[in-house]
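Colleague: Have a look; sequence and predicted model below, questions after that.
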Amino acid sequence: MIADRIRQARLAAGLTLGALGEQVGVSHTAIQKYEKGLLTPSSTQLLKLARACGIRTEYFFRTHTVELLQPEFRKLSTFGKTAQDALKIKVVELVEKRVELLGAFPELPFPAFAPPANLPEHITSLDEIDAFSDSVRNAWQLGLNPIADLTDTLEGLGLLVIVADEENPGFSGLTAKARTEDGREYPVVAVSKRWPGDRQRFTLAHELGHLLLEGRLTDGINEEKACDRFAGAFLAPRVAVLQLLGAQRHALEWQELYVLKHEFGLSMTGWLQRAKQCGVITEAAHLSMFKRFSAKGWRKTEPGQPLPQEHPRLFDQLVYRALAEQYISEGKAAELLGIPMMRFHKERQLESSDAVAHQ
């Protein structure tokens, strides 16, 4: 088990055998033997291995293993197989902690994820996706107002949301199923920690679209375009678009799009696209505004304050819930949270975060 974990940690950190050996102070041959189980590292070497790979030593001894089934990446061509494999290991490591925690509860503390009942079985055009999205929102009792915390909403519906620390800009999103050794399965959605909040939210909604639209799109409909349409409609429903922008406009002000971006968590370009999709502006008006938007350099970085990033909170809350119910010990809680015991004790008592940071 330790041998496999060492190899996974090295790959996830993007290190070669030689590079890891150099940081640990052993030869690349020794690292290779560790990974094949032919040599067991000492406790000192395990500490050095953990530091070099950016993980805690408990990772090497974790017994809850998870397999990622049917991983589907949303990525650029620059995000190749090696990078994909490394990211899958990072995601698995985070999912394993969640699965271990969930296994401590006598019953699953949130509903198992399932698409709403009575959704249309077939989608024959992209325009039908707006009504499809409205049906999803209604079934989940989300209304048609902005979704303030999309991550919290999706986690409450039974999705495991992972915000992965992935530097490669070619990675956008990932959907998969996590299966445990005892046969439990959990749907997983992962996004990059490096993106601003509006891109994270659109990616999460896009990945949700893949889960909900699977098997419903008729031949000829591009799945990626369909999921983009779903993401926009899920974040900014047609009713809201028409109410806030008006049924028909000749042009839109940048300030309008900026305000709506921060109200609904959908980018300015996303709102421009929604205005076209809902018939508020014509194709020609959209093209003209998009060209001016691009000329200002806003396609890469939109103006003004960036939207706050999404932060999964359910996991931390469930750790303390399990602790309160005595399903796990203090030591296990600190281990799952990935913090030292002294810091855990202070955070548990809500002592000053500044004092905790200086421990």
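Modeller: Looks like it came in fine. Numbers count the residues shown, from 1 in each chain.
Colleague: buried ones in stretch 144-154?
Modeller: 146, 147, 150, 151, 152, 153, 154 (16 or more other CB atoms under 10 Å). For every residue, glycine as well, the C-beta is placed using N, CA and C.
Colleague: Show me which of those residues is closest to residue 114.
Modeller: Nearest to residue 114 out of the buried residues of stretch 144-154 is residue 154 (CB to CB; 13.1 Å).
Colleague: returning to what we had before: which one of the buried residues of stretch 144-154 is nearest residue 231?
Modeller: Nearest member of these to residue 231, counting by CB to CB, is residue 150, at 10.3 Å.
Colleague: ok, so of the buried residues of stretch 144-154, who is nearest residue 276?
Modeller: Distance to residue 276, by CB to CB, is smallest for residue 146 among the buried residues of stretch 144-154, at 20.3 Å.
Colleague: In helices only, show me the buried residues of stretch 144-154.
Modeller: In helices, defined here by DSSP state H, the members of the buried residues of stretch 144-154 are 150, 151, 152, 153, 154.
Colleague: what would the residues you listed look like in a markdown table with distance to residue 241 and pLDDT?
Modeller: Formatted as a markdown table, those follow (distance: CB to CB, whole Å; pLDDT from 0 to 100):
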| residue | distance to residue 241 | pLDDT |
| --- | --- | --- |
| 150 | 18 | 96 |
| 151 | 23 | 95 |
| 152 | 24 | 94 |
| 153 | 20 | 95 |
| 154 | 22 | 96 |
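Colleague: and the lengthiest helix in the chain, what other elements does it pack with?
Modeller: The longest helix of the chain (DSSP H) is helix 81-104. For helix 81-104, the packing partners by 3 or more CB pairs under 8 Å, 6 or more residues apart in numbering; DSSP states H and E come out as helix 2-13, strand 66-75, strand 160-164, strand 171-180, strand 185-192, helix 314-324, helix 330-337.
Colleague: Switch these over to a markdown table; also include mean pLDDT.
Modeller: Below are the helices and strands packed on helix 81-104 laid out as a markdown table (pLDDT from 0 to 100):
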| stretch | mean pLDDT |
| --- | --- |
| helix 2-13 | 82 |
| strand 66-75 | 86 |
| strand 160-164 | 92 |
| strand 171-180 | 89 |
| strand 185-192 | 92 |
| helix 314-324 | 96 |
| helix 330-337 | 92 |
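Colleague: Adding distance to residue 211 and mean neighbour count, write the ones you listed out as TSV.
Modeller: Shown next, in TSV, are these (distance: least, CB to CB, whole Å; neighbours: other CB atoms under 10 Å):
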stretch	distance to residue 211	mean neighbour count
helix 2-13	25	20
strand 66-75	10	16
strand 160-164	12	22
strand 171-180	6	21
strand 185-192	6	23
helix 314-324	18	17
helix 330-337	26	18
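Colleague: Of the ones you listed, give the one that comes closest to residue 29.
Modeller: Judging those by CB to CB, what sits closest to residue 29 is helix 2-13, at 13.9 Å.
Colleague: after the closest one, next one along is what?
Modeller: Counting by DSSP states H and E, the next helix or strand C-terminal to helix 2-13 is helix 17-24.
Colleague: so what does the very next helix or strand once past that following helix touch, helix or strand wise?
Modeller: Next along the chain after helix 17-24, taking DSSP H and E as the criterion, comes helix 28-36. Under the contact criterion of 3+ CB pairs under 8 Å, 6+ apart, helix 28-36 touches helix 2-13, helix 17-24.
Colleague: if we compare those helices, which one ends up closest to residue 109?
Modeller: Of all those, helix 2-13 comes closest under CB to CB, at 27.5 Å.
Colleague: which residues in the stretch 251-359 of the chain form helices?
Modeller: 254-264, 268-277, 283-295, 314-324, 330-337, 341-348, 353-357 (DSSP state H, counting those that start in this stretch).
Colleague: how about those helices, which one is nearest residue 214?
Modeller: Among the helices of the stretch 251-359 of the chain, helix 268-277 sits nearest to residue 214 (CB to CB), with 22.1 Å.
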